[in-house]
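Asker: Pasting a predicted model and its sequence here:
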Amino acid sequence: MSEFEARIRSLILRIILVAIIFDVISNIGLTIYYIVTDDLGSEISVYLSERIIMPTAINVLALIAAKRFNDSKKETAKSKYWACAMAFATVVGSLAVFQCYFPCLWTGPAIAMIFCSIFHDFKLIRVMFIYSMGIIALAYVFVVGDYPENMSFYMQCAIVSAIITVIAFLLANAMEEYARNVAKLNRENLEKEIELKRKLDFDPLTEVHSRGYMDLRGEEMLKNADRFNPVTVAIIDIDDFKQINDKYGHENGDKVLRTLGLLLNSLIDERHTIVGRYGGEEFLFIFEGGNINEHEALLDALRESFSLINYAFMGPTNNSCSFSGGITVTYERQHLDEVFKVADEALYIAKGKGKNNIVRK
């Protein structure tokens, strides 16, 4: 958004520059025409001062000020777009005032107001609306002073210009309100998308990754496996978990699962390792790079830490749990189910050896 607003600010500065050049050229042409037709209406010096020198000086100063704000690294984005918007309004306003005998120019600031609604600033729009109405009043006073006999006509022009400006203000406000609602809706959708992705990527009970995430991410990691970047796959399974559920209830069984999940999240570095709940009480580890001996030592340390946790619902004695695990490594590109099968066979061996141990295959 900041880059887009920066481009809009640059566009406004270019529009201002073009408007100044056009104003100067057109007024020089009109001056020549009025001199030739002897219809200048005042002395040349006065005419040049009122129609060319003063408006050009105001416009150039507005452009210089806006450009200095826009190029400054110290100014905020808000002050930059305020400077550009007000410079834009000033230039079209000076055209309306100094060329007041062209009533079509009186609505110029209102057009600038609609254009600048792109900055999504209610306060800026309100200020530009007040400014626009002031320009209409000032232009009316000036033109009636020069042509009092046409007061009725210019009064009608002022009323029409004011109505157009009010409509422009309401339109700019509606556009701003719509933009804010869209932005709010986008934020809400993004938050929902993030939350949904989290629900899909993480197991809600243990807060480790979900099976779906492990399948997708695991395949990606195994695609890069080679002898310089081995991938280790390990499976752990809580021992006698069915008996825990049957004896103490599923609620207490969930407590064991949550405890293991917290332990895994506290000790696993996800920069090169992912862990997820792969089944009811089964957890899958995938290590990218590193050494299988280190990974096996980590699993063994996790096993020991887990076995030291006591659960009050089990009573004063024999109140801990354990897990068994199988681990393997591949040095070539394989599918996850192929490597998983080997690790699962190692887990089966670990269970057969008395549980509460890690077996490598």
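Answerer: Happy to help now that I have it.
Asker: what mean pLDDT does stretch 14-26 have?
Answerer: The average pLDDT for stretch 14-26 rounds to 86.
Asker: and if you look at stretch 312-322?
Answerer: 88.
Asker: Next, the distance between the ends of it.
Answerer: With Cα to Cα, to the nearest Å applied, stretch 312-322 spans 16 Å between its terminal residues.
Asker: Show me the contact partners of it.
Answerer: Stretch 312-322 has contacts (Cβ atoms under 8 Å, 6 or more residues apart in numbering) with 238-241, 244, 248, 252, 255-256, 303, 306-311, 355-356. Quick note: C-beta positions are derived from backbone N, CA and C, even for glycine.
Asker: Show me how far stretch 280-294 is from its chain's centre.
Answerer: 35 Å (Cα atoms, centre = their mean, to the nearest Å).
Asker: Give me the buried stretch members for that stretch, please.
Answerer: 281, 282, 283, 284, 285, 286, 287, 288, 290, 292 (16 or more other Cβ atoms under 10 Å).
Asker: before we move on, the earlier item: inside helices: which ones of the contacts of stretch 312-322?
Answerer: Counting by DSSP state H, the part of the contacts of stretch 312-322 found in helices is 241, 244, 248, 252, 255, 256, 303, 306, 307.
Asker: For residue 246, see how far away the fourth one is.
Answerer: If I follow you right, that is residue 252. 11 Å (Cβ to Cβ, to the nearest Å).
Asker: What segments of the stretch 251-361 of the chain are helices?
Answerer: Secondary structure of the stretch 251-361 of the chain (DSSP state H, counting those that start in this stretch): helices at 292-307, 336-352.
Asker: actually the stretch 51-200 of the chain, sorry about that
Answerer: Counting by DSSP H, counting those that start in this stretch, the helices of the stretch 51-200 of the chain are 54-71, 77-98, 108-116, 122-146, 151-201.
Asker: and residue 205, how many residues sit next to it?
Answerer: 11 (other Cβ atoms under 10 Å).
Asker: so it, which of the three states?
Answerer: Recorded secondary structure, residue 205: coil (DSSP: H, G, I helix; E, B strand; the rest coil).
Asker: Buried ones in stretch 126-139, by neighbour count?
Answerer: In stretch 126-139, counting by 16+ other Cβ under 10 Å, buried: 127, 128, 129, 131, 132, 133, 135, 136, 139.
Asker: how about the residue lying farthest from the centre of the chain, phi and psi?
Answerer: Using Cα atoms, centre = their mean, the residue of the chain lying farthest from its centre is residue 38. It sits 61.7 Å away. When read as degrees, to the nearest 10, the backbone of residue 38 gives phi 60, psi 40.
Asker: Could you measure from it over to residue 44?
Answerer: Applying Cβ to Cβ to residue 38 and residue 44 gives a distance of 12 Å.
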